[in-house]
Structures are given as structure tokens and as C-alpha cells.
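Asker: Predicted model and sequence follow; I will ask about them next.
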Amino acid sequence: MMNKFTFIAQYKGGTYISQYDADNLTDAVFSWANNLDLQYFKAKEIKEIQEKFRDEDFFPIPVNDVVHVWCGAISACGNFLIVNIVKTA
């Protein structure tokens with residue numbers, strides 16, 4: 001059964017919200033990273049974001065005491081990116 005994951009990303013002063021259907025969190029994160037919009041992210045930034053989130057050291061972690069919510073934070077091309085993920089359905 002597919003689950004819906006909502007992504008709330010903050011990067012370079014902007015907030016970007018999107019949703020993806022996936023079987024699990026890992027598939028959802030990869031879908032999100034593979035579909036970042038070139039209108040808001042440079043190709044070099046997208047590549048670095050994709051590479052970092054494939055690394056288990058940078059993969060989003062569960063938020064303490066909150067069910068179905070994860071958070072990830074990285075530096076991409078010298079800019080801070082934070083993404084909150086909520087399993088919404």
C-alpha cells in the first residue's frame with residue numbers, strides 16, 4: 001500500500017512544499033530528491049542534495065516523541081537545507 005509523504009523544505013530563504021506517494025520513507029526521499037525543481041534549485045545543488053541524502057549519515061531521522069515525522073539537514077553548495085517529512089496518509 002502506498003503512503004503519502006509531505007515534504008517541507010527550507011533552502012536559501014524559500015520554503016518548498018511537495019507530496020509524494022511511496023511505499024516507504026526511503027522511496028519517498030529519493031522521489032523528492034529526484035524531482036527538485038530547476039526553477040528553484042541549480043543542477044549542481046540538486047546533485048549534491050541527492051548524493052547526501054543517499055548517505056545514511058545524512059538521511060532524515062525521526063523527530064523525538066512525534067509519530068511519522070522525520071527531519072534532515074545538510075549543507076548543499078554552501079547553503080543550509082532543512083527538510084521536514086510527514087507521513088500524511
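Answerer: Structure received. Numbers count the residues shown, from 1 in each chain.
Asker: Need the mean per-residue confidence for the longest helix belonging to the chain.
Answerer: The single longest helix within the chain, with elements called by DSSP state H, is helix 43-54. Throughout helix 43-54, pLDDT has a mean value of 92.
Asker: Helix or strand next in line after that helix, which one?
Answerer: Following helix 43-54 in sequence order, the next helix or strand is strand 61-62 (DSSP states H and E).
Asker: which strands and helices sit next to that following strand?
Answerer: strand 69-76 (3 or more Cβ pairs under 8 Å, 6 or more residues apart in numbering; DSSP states H and E). Yep, even glycine has a C-beta here, placed from its N, CA and C like the rest.
Asker: residue ranges with poor pLDDT in this protein?
Answerer: For the chain, no stretch has pLDDT under 70.
Asker: contacts for the longest helix of the chain?
Answerer: When contacts are defined by Cβ atoms under 8 Å, 6 or more residues apart in numbering, helix 43-54 is touched by residues 29-30, 33-34, 36, 38, 41, 58-60, 72, 74, 76-77, 79, 81.
Asker: Drop anything exposed from the residues you listed.
Answerer: Buried subset of the contacts of helix 43-54 (neighbour count, 16 or more other Cβ atoms under 10 Å): 29, 33, 36, 41, 60, 72, 74, 76, 81.
Asker: my read: the first one touches Glu56, true?
Answerer: If I follow you right, that is Val29. No - at 11.4 Å, Val29 and Glu56 do not qualify as touching, with contact defined as Cβ atoms under 8 Å.
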